[in-house]
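*Asks:* The sequence isn't on hand, but the structure is:
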């Protein structure tokens, strides 16, 4: 399972950067299981609502992600994400609140599914 963050989804729909969009398209073409956290859904919906073309952007996003599984952000995820964020801040390397939550979800699902891959703006990691 490949967990996508907001930046990958935006890159895939905008086709920029091309390398990320190409990888997204290739994974969809071979039937790789794709997923996103409900936090990522929130981030996308917020961005669409604030865009200059919300209806058009909603249609593009809906079409691009028709095969992407939405994974809920649960209480266990929140507890772990809070500890991770506090640790990062104490070390002087804070992460964006939503980034941390959307990336926390793959760790929680690792026990239930095969080891997930995380796709974020820094590249695809296995």
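*Replies:* Ah, there it is. Treat the numbers as computed from the prediction; the structure is a model and nothing was measured.

*Asks:* For the spatially most central residue of the chain, give me the backbone phi and psi.
*Replies:* Nearest to the mean C-alpha position of the chain, by Cα atoms, centre = their mean, lies residue 5 at 2.0 Å. Backbone torsions of residue 5, given as degrees, to the nearest 10, read phi -100, psi 170.

*Asks:* elements contacting the lengthiest helix in the chain?
*Replies:* Counting residues, the longest helix in the chain under DSSP state H turns out to be helix 75-90. Contact here means 3 or more Cβ pairs under 8 Å, 6 or more residues apart in numbering; DSSP states H and E; on that basis helix 75-90 packs against helix 97-109. C-beta here means a position set from N, CA and C on the backbone, and glycine is covered the same way.

*Asks:* ok so, going back, wait, the residue nearest to the centre of the chain sits on residue 40?
*Replies:* Yes. Assessed by Cβ atoms under 8 Å, residue 5 is found in contact with residue 40 at 6.1 Å.

*Asks:* related to what we said a few turns ago, just the buried residues of the longest helix of the chain, please?
*Replies:* Of all the residues in helix 75-90, those buried under the rule 16 or more other Cβ atoms under 10 Å are 77, 80-81, 84-85.

*Asks:* can you list the residues you listed in a markdown table and add distance to residue 17 and pLDDT?
*Replies:* Formatted as a markdown table, the buried residues of helix 75-90 follow (distance: Cβ to Cβ, whole Å; pLDDT from 0 to 100):
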| residue | distance to residue 17 | pLDDT |
| --- | --- | --- |
| 77 | 29 | 85 |
| 80 | 31 | 85 |
| 81 | 28 | 81 |
| 84 | 28 | 83 |
| 85 | 28 | 81 |
